[in-house]
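S.K.: here is a sequence together with a model predicted from it:
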Amino acid sequence: MSSNASTGGGGSSSGSSSAASVDKKREKAKVSRTSMILWHSHQNDAAAVRKLLEDDSSLVMARDYDNRTPLHVASLHGWIDVAKCLLEFGADVNAQDRWRNTPLADAEGAKKYSMMELLKSHGGLSYGQRGSHTEQNSVAPPLPNKCDWEVDPTELDFSHVVRIGKGSFGEILKAHWRGTPVAVKRILPSLSDDKLVVQDFRHEVNLLLKLRHPNVVQFLGAVTEKKPLMLITEYLRGGDLHQYLKEKGSISPSTAVSFALDIARGMAYLHNEPNVIIHRDLKPRNVLLVNSSLEHLKVGDFGLSRLIKVQSSHDVYKMTGETGSYRYMAPEVFKHKKYDKKVDVFSFAMILYEMLEGEPPFANFEPYDAAKHAAEGHRPTMKAKGYIPELRELTEQCWAADYHQRPSFLEILRRLEKIKENHLPSDHSWKLFSS
């Protein structure tokens, strides 16, 4: 009797295990189809989108890790045929992503006028960060208790102001604070009441408050209680690496490795666990030279960065696809897939390439097409003589398609130090007695 009971129990356990296995396979297949419909929507492949929806109409409401639907993706790029197909299968025209953006808000932000008309004809409304309407219940997160970093705007001297950068939400100015030149990121007055812009500004302040490293641009203070909102950092006289490379072209392997070491030191600090900061927009414009003597580089501009609490060294993160600059973007970001801090390693490889070659990666492509080309498995051609075998191998590993194969910045540092010590001559360019 007990034997039969035992056999019966074993059969039940086996059946349970088998059912669990089937459930896992179904879940994996569902995740795969979700990725596929988002990818085909991104690629403007209406036929592939239709085939997926004919097989499983529920995919019309698939969501990526930022709660974006296929209709969001199509709307942002202006893919009319894809959008029509999605709407035909019942897509929610007013679905909202994690920032409460609707597809119409995305289309407006990208100035896709035909898409805007299509969505409006189906009852589309514009809400969110990009939209012409704002959500009343969107509340900016509190800043930590203010101490000595809150700056009275009357202390900032703009009498000899120089604009050194401009973006969609604001501008970066060279000004003076207490007699010292500083860089001031100033939010455009017209956006100072936009709750989501304010939220992003406060996020950047919260992030910069935590950073202290010689290869990271130093936060000095912020104006948060008056308008316009302003973020103040140290001013670096050498300008950015983009402008330097534009003027100089390719640089010597020894200088490139010295620059790469500085970038890697800053990034190794940002990637330190458990509080990992993923930059997400590492590019030459966001790497700054301390002065014209090329003594030191610092990583800056953390407007797109994210602070992540890591539970495991193998964690991957659920964040925005297509965040950052296309030309230096990792394939997994372009494809709206899961990614981790190794997206910054891919960008680093592209910068190393640009320093040695004297031209941006895929220079003959427009930025979006360059990112698409990389996502399809292509990599820039290494032509420079400075690519000694060890440096070539490191670059190729840093831009590996599988982010698991890319080294960490600590490993990159170790290998660059070895390359510098064993394979490259010194530039002997220190200016100890320069006037």
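M.R.: Ah, there it is.
S.K.: what helix or strand is the closest residue to residue 339 other than its chain neighbours located in?
M.R.: Take residue 339 and drop its neighbours on the chain: the residue closest to it by Cβ to Cβ, 6 or more residues apart in numbering is residue 332, 4.4 Å away. C-beta: built from backbone N, CA, C; applies to glycine. Following DSSP states H and E, one finds residue 332 within helix 331-334.
S.K.: helices or strands up against that helix?
M.R.: Applying 3 or more Cβ pairs under 8 Å, 6 or more residues apart in numbering; DSSP states H and E, we find helix 331-334 packed against helix 342-357, helix 367-375.
S.K.: for that helix, list the C-alpha coordinates in PDB.
M.R.: Taking only C-alpha atoms (Å, rounded to 0.1, in the frame of the first residue of the first chain), the coordinates of helix 331-334 have been written out as PDB:
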ATOM      1  CA  PRO A 331      23.800  47.100 -30.100                       C
ATOM      2  CA  GLU A 332      21.700  45.800 -27.100                       C
ATOM      3  CA  VAL A 333      20.500  49.400 -26.400                       C
ATOM      4  CA  PHE A 334      19.700  50.100 -30.000                       C
END
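S.K.: pull out the buried positions in that helix.
M.R.: Buried residues in helix 331-334, counted by 16 or more other Cβ atoms under 10 Å: 331-334.
S.K.: possible to save those as JSON lines with distance to residue 59 and pLDDT?
M.R.: Compiled in JSON lines, these are given as follows (distance: Cβ to Cβ, whole Å; pLDDT from 0 to 100):
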{"residue": "331", "distance to residue 59": "23", "pLDDT": "94"}
{"residue": "332", "distance to residue 59": "21", "pLDDT": "92"}
{"residue": "333", "distance to residue 59": "22", "pLDDT": "88"}
{"residue": "334", "distance to residue 59": "21", "pLDDT": "89"}
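S.K.: would you agree residue 296 is in contact with residue 262?
M.R.: Yes - with contacts counted by Cβ atoms under 8 Å, residue 296 reaches residue 262, the gap being 6.3 Å.
S.K.: neighbour count: those two, which is higher?
M.R.: Counted by other Cβ atoms under 10 Å, residue 296 and residue 262 do not tie: residue 262 has more neighbours, with 19 against 16.
S.K.: residues contacting the more buried one?
M.R.: The neighbourhood of residue 262, defined by Cβ atoms under 8 Å, 6 or more residues apart in numbering, consists of 215, 296-298.
S.K.: try residue 67
M.R.: Residue 67 neighbours (Cβ under 8 Å, 6+ apart): 96-98.
S.K.: could you do residue 367 as well?
M.R.: 325-327.
S.K.: neighbour-wise, which one of these leads?
M.R.: Neighbours here mean other Cβ under 10 Å. Within these, the largest count is held by residue 327, at 22 neighbours.
S.K.: the strands in this structure, which residues?
M.R.: Along the chain, the segments classed as strands by DSSP state E run 156-166, 170-177, 180-187, 219-223, 230-234, 275-278, 287-289, 297-299, 306-309.
S.K.: using pLDDT, spot the least trustworthy of the contacts of residue 67.
M.R.: By pLDDT, residue 98 ranks lowest within those, coming in at 71.
S.K.: for PyMOL, what selects the buried ones among the contacts of residue 67?
M.R.: Selection command for PyMOL covering only the buried members of the contacts of residue 67, criterion 16+ other Cβ under 10 Å:
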select buried, resi 96+97
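S.K.: and the most centrally placed residue in the chain, what pLDDT?
M.R.: By Cα atoms, centre = their mean, the mean C-alpha position of the chain lies nearest to residue 280, the distance being 2.6 Å. At residue 280, the pLDDT value in this model is 85.
S.K.: chain neighbours aside, what residue packs nearest to residue 292?
M.R.: The spatially closest residue to residue 292, leaving aside those adjacent along the chain, is residue 238, at 5.4 Å (Cβ to Cβ, 6+ apart).
S.K.: what residues are up against that neighbour?
M.R.: Each residue near residue 238 by Cβ under 8 Å, 6+ apart is listed here: 244, 288-294.
S.K.: which one of those sits closest to residue 175?
M.R.: Each of these was scored against residue 175 by Cβ to Cβ, and residue 288 proved nearest at 16.5 Å.
S.K.: is it true that the closest one touches residue 239?
M.R.: Yes - the pair formed by residue 288 and residue 239 meets the contact definition of Cβ under 8 Å, at 7.2 Å.
S.K.: between those two, which is the more surrounded one?
M.R.: Neighbours around residue 288 and residue 239, counted as other Cβ under 10 Å, are more numerous at residue 288. The numbers are 25 against 15.
S.K.: separation between the residue lying closest to that one once chain neighbours are set aside and residue 157?
M.R.: For residue 288, ignoring the flanking residues on the chain, the nearest one in space by Cβ to Cβ, 6+ apart is residue 236 at 4.3 Å. Relative to residue 157, residue 236 is positioned 19 Å away (criterion: Cβ to Cβ, to the nearest Å).
S.K.: the more surrounded of the two?
M.R.: residue 236 (20 against 15).
S.K.: tell me which residues touch that one, please.
M.R.: Here residue 236 is in contact with 183, 217, 288-291, 298, 300 (Cβ under 8 Å, 6+ apart).
S.K.: please name the nearest non-neighbouring residue to residue 378.
M.R.: Of all residues not flanking residue 378 in the chain, residue 362 sits nearest, at 7.8 Å (Cβ to Cβ, 6+ apart).
S.K.: list the residues that contact that neighbour.
M.R.: Contacts here follow Cβ under 8 Å, 6+ apart; on that basis residue 362 touches 327, 369-370, 373-374, 378, 380.
S.K.: just put those residues in JSON lines and tack on pLDDT and distance to residue 165.
M.R.: Compiled in JSON lines, these are given as follows (pLDDT from 0 to 100; distance: Cβ to Cβ, whole Å):
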{"residue": "327", "pLDDT": "93", "distance to residue 165": "17"}
{"residue": "369", "pLDDT": "93", "distance to residue 165": "25"}
{"residue": "370", "pLDDT": "94", "distance to residue 165": "22"}
{"residue": "373", "pLDDT": "96", "distance to residue 165": "27"}
{"residue": "374", "pLDDT": "96", "distance to residue 165": "26"}
{"residue": "378", "pLDDT": "97", "distance to residue 165": "30"}
{"residue": "380", "pLDDT": "96", "distance to residue 165": "26"}
